[in-house]
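Quick one, structure for this:
(2 chains)
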Amino acid sequence: MKKNKQWRVNIRYFRQRYGVIIALIIAILISIFLSIQLWYSPGQSTKQQRANEAAQENATGENLTSVYSISQMVFNQSDKKISVIDYRTLYAKIVDRVKNWDAGYKSSEVLKKQNYLDSLSQEKSIVMTFPDAVSGHVIKSIFGKHIKLANNATVNHVQVPQGDSNKFYFYDDRHRKRYTYQISNAPKKLQHLKPGKKTADVSYQWIGKHVMAATTTSVNLQSYSYLLDVDSTVSRLTKLFSDGGTRDVNNGQEILTYSNGDNRRMQHNITTGLINYDAYNINRNVNSLSQRQNEGYRWLLRLHQNADNLYYFEEHNKGQTLTYRLFVNGLPIFGQTTYGTVRVKQLPNNHERIGMSQYSLRVPLPTDQKNQVNLEPMTDAMTKLQSVGVSKDDIEQMTIGYRWQLDTDNQIVTLHPEWCFEQGHVWRSVNDQVKSEQGGH
Amino acid sequence: MDFKKVLAAFLLVFVAVDIFLGVQWVQEYPFSDNRTTDQQILDEMSDDGISYGKLSQNRHTGSYLAGKSGKQELANQQKELKSGWQSLFSDDQLVVIPATDVQLGTDEDSDRVALDKLVAKDNRVIKGDEYQYSQKMTELVRAKENTASKLYAYVEKVPSDNHNLVTNQAQIVFEVDSKHRLQKYEQQYVNQLQFLRDDMQLISEKQALINLYQYNELPNNSTVKLSKLGYAPLTTVKDDIIFIPVWQFLVETSNKETTLITVNAINGSIMK
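Numbering: from 1, shown residues only, chains lettered A, B, ... in the order given. Presented below is the predicted three-dimensional model:
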């Protein structure tokens, strides 16, 4: 009892002597905490920008996972491997099912080159391949946040079982790394999914630093026609600026320059149709592939470039350059210049440049079903390139794509399928390369 | 001044600073509002007195579609209609008038059953098997046409797709009098339908309605009477009519005027 009274006296004495000082210290600490919080808060303009981005995502129904989609789907059957030409609907179905699987991280390992190919070729599985590496963050956005994978991990292929196996895998080409996941509960499996009618036989091969499913037989592909969309890109972009643009003619090229008077500038080359949007003083912490891919997608939203047929295509320097490209029926479109692409480039001094073109393809037109092109197996296309002096080691990537050809009325674009390859970060058509080399000799 | 008073003065100043910073912080962070953007917009719509039914969040798939005017096809088969049935073209529309009164039923349901049978007969309706009754399109034509007769709409089916063409370019409208007798019908037809691209995921009904509100297409105190997903014409290139998947909404304003608003179900834009 006496002890208790003594305590009370001590507390009262302490409060009288130090109470104000302690309260002052607490008040100072609170003000420091709040000041730091406000300093790092997104700010009204960013909040408004986020709200606009969210509104645009709502309007189009597009989101990050629509842009970072696959470019190839292969069914590893017991007798052969077949690549599905129109895979988008099937992909959406697979993603919906995989999202509901209970899967736990099991292990990760670095494989030898051949073991890596063997693992990808496992029978009774479906391999979905991204056009280039995507971050762990993108993978989790697609397949669900419950998947344990570091945001900064990179993934090129996803392999899901079609047989009795209860494992699925992510593959990272650059590091030849395989991530294994154990499925404990799969409400809906993929056993009954069929590849459809339009397919091509393939085998896995290393091309440069990537593994691709190369066609082993010739494949018939349809040509397509689209209405050239000239105005909608420019009209949407100019709404971002309050001025009408300053006209300038340089070397016979007419350039309109728009500016917000502070940190945004856009140059529209009317002669070539190319547009460069420059953003200066970007005060964001964007240093990894994951952050850059997220930021790249944000730029597509901000600049109204998130068309339903525009997809992620490739990255260079850990995402410092990200390229998004128009696709038709699951295959990329290659223009003569940069038509049909959006390129987000991170430059020094907090500067980002987004390169686009005023031309786009939105409305498809009917084409003659007989208008089909027979494309040789990939090894033949590769042999053609080697015959004109292109070394296999110099080829970074190879794919079948659609070539953009404008008609004489500048209204209709015909898309012809052909083999394209990447050398020194530049994509070219195999046929063009062969013609130019043969013409040069 | 006594040290304690100086401390108390500082304390007061910092408490005031904390209150100011705290207010700023609360305003800056949206933790007070956990609603999604969609829900916020729907709440705003309710505040504006806009009413609507249950909205689906399902995202269907669809694609661009092309077809040609089937006027010539209808003209070629005109002679196969039952003798005595009068048929003539008014622009692209085939107008057919029965020779004698065709008694259908005794109420709307029996009228419909009788019309289904009529449509299935080649000598009564050309290409009738390519059309099907649409309750929603019937409501739409009734809202648009203010006649004493009852109208019934049959729409052209899109092969291997769950959704139909939603345009008068691919529709039959039957006109039935108050005694349930068929007066006439008007038919338009689109042939050589073909899909032009691989399937895409379309925006949901909810997203489409939110877009309408954000584009200021929904007046205050209006009611969304019905909505429908189908294929509507986008443009015509040479002889080809290009159709795209659309969400159509029939909106009734507070002064009972009805408007049909169409939203592009691929990119969410409003089609004029």
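
Buried residues, whatever helix or strand A:N276 lives in. List them.
When elements are assigned from DSSP states H and E, A:N276 belongs to strand A:274-279. By neighbour count with 16 or more other C-beta atoms under 10 Å in any protein chain shown, strand A:274-279 contains the buried residues A:274-277, A:279. Glycine gets a C-beta too; all of them are placed from N, C-alpha and C.

just curious, which of those residues is nearest to chain B?
When those are compared for distance to chain B (C-beta to the nearest C-beta), A:I275 comes out closest, at 19.8 Å.

List the beta-bridge partners for that closest one.
Bridge pairing for A:I275 (DSSP bridges) gives the partners A:H268, A:M356.

Could you verify my assumption that it touches A:V234?
Yes - in this structure, A:I275 sits in contact with A:V234. The criterion is C-beta atoms under 8 Å, and the distance is 7.5 Å.

Name the residues contacting each of those two.
Common neighbours of A:I275 and A:V234 (criterion: C-beta atoms under 8 Å, 6 or more residues apart in numbering or on different chains): A:268, A:358.

Next up, the contacts around the residue of the stretch 101-250 of chain A at minimum distance from chain B.
Per C-beta to the nearest C-beta, A:L227 is where the stretch 101-250 of chain A lies closest to chain B, at 6.3 Å. Each residue near A:L227 by C-beta under 8 Å, 6+ apart is listed here: A:361-365, A:411-413, B:235, B:237.

so where does it fall, helix or strand?
Using DSSP H and E, A:L227 sits within strand A:224-229.

in that strand, what's buried?
When burial is assessed from 16+ other C-beta under 10 Å, strand A:224-229 yields the following buried residues: A:224-228.

Give me the contact status of stretch A:11-27 with chain B.
Yes - using C-beta under 8 Å from any C-beta of the partner chain as the criterion, contacts between stretch A:11-27 and chain B involve A:20-21, A:23-24, A:27.

what's the offset of the strand holding A:N276 from the middle of its chain?
For strand A:274-279, the separation from the chain centroid amounts to 20 Å (computed by C-alpha atoms, centre = their mean, to the nearest Å).

Please name every helix or strand in contact with it.
With contacts defined as 3 or more C-beta pairs under 8 Å, 6 or more residues apart in numbering or on different chains; DSSP states H and E, the packing partners of strand A:274-279 are helix A:231-238, strand A:264-269, strand A:351-357.

name the helices or strands packed onto the strand or helix carrying A:Q386?
Here A:Q386 is covered by helix A:378-387, with elements defined by DSSP H and E. In terms of contact count using 3+ C-beta pairs under 8 Å, 6+ apart, helix A:378-387 is assigned the packing partners strand A:210-215, strand A:397-406, strand A:412-423, helix A:430-440.

Mind giving me the packing neighbours of the following helix or strand past the first one?
Spelled out, that is strand A:210-215. From strand A:210-215 onward toward the C-terminus, using DSSP H and E, the following helix or strand is strand A:219-222. Judged by 3+ C-beta pairs under 8 Å, 6+ apart, strand A:219-222 is in contact with strand A:372-375.

For the residue minimising distance to the centre of chain A, give me its contacts.
The centroid of chain A falls nearest to A:Y312 when counting by C-alpha atoms, centre = their mean (2.9 Å). Under the criterion of C-beta under 8 Å, 6+ apart, the contact partners of A:Y312 comprise A:67-69, A:130-132, A:134, A:293, A:296, A:322-324.

So which of those are in strands?
Among the contacts of A:Y312, the ones falling in strands (DSSP state E) are A:130-132, A:134, A:322-324.

picking up where we left off before, who wins for proximity to chain B among the helices and strands packed on helix A:378-387?
For the helices and strands packed on helix A:378-387, the distance to chain B is smallest for strand A:412-423, at 7.8 Å, taking C-beta to the nearest C-beta.

Now that closest one: buried residues?
Of all the residues in strand A:412-423, those buried under the rule 16+ other C-beta under 10 Å are A:412-423.

same check, this time on stretch A:187-205
Within stretch A:187-205, the residues scored as buried using 16+ other C-beta under 10 Å are A:189-190, A:193, A:195, A:198-205.

and if you look at stretch A:428-435?
By neighbour count, and taking 16+ other C-beta under 10 Å as the criterion, the buried residues in stretch A:428-435 are A:428-430, A:433-434.

can I get the CA coordinates of stretch A:258-274 in PDB?
Included here for stretch A:258-274 are C-alpha records, laid out as PDB according to Å, rounded to 0.1, in the frame of the first residue of the first chain:
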ATOM      1  CA  TYR A 258       3.600  21.700 -78.800                       C
ATOM      2  CA  SER A 259       4.600  22.600 -75.300                       C
ATOM      3  CA  ASN A 260       3.000  23.100 -71.900                       C
ATOM      4  CA  GLY A 261       5.500  25.800 -71.200                       C
ATOM      5  CA  ASP A 262       7.100  23.800 -68.500                       C
ATOM      6  CA  ASN A 263       8.200  20.100 -68.700                       C
ATOM      7  CA  ARG A 264       6.200  18.600 -71.600                       C
ATOM      8  CA  ARG A 265       6.900  18.900 -75.300                       C
ATOM      9  CA  MET A 266       5.600  17.100 -78.400                       C
ATOM     10  CA  GLN A 267       7.000  17.300 -81.900                       C
ATOM     11  CA  HIS A 268       4.800  16.100 -84.700                       C
ATOM     12  CA  ASN A 269       6.500  15.600 -88.000                       C
ATOM     13  CA  ILE A 270       3.700  16.000 -90.400                       C
ATOM     14  CA  THR A 271       5.800  14.900 -93.400                       C
ATOM     15  CA  THR A 272       6.800  11.500 -91.900                       C
ATOM     16  CA  GLY A 273       3.900  11.100 -89.500                       C
ATOM     17  CA  LEU A 274       6.200  10.500 -86.600                       C
END
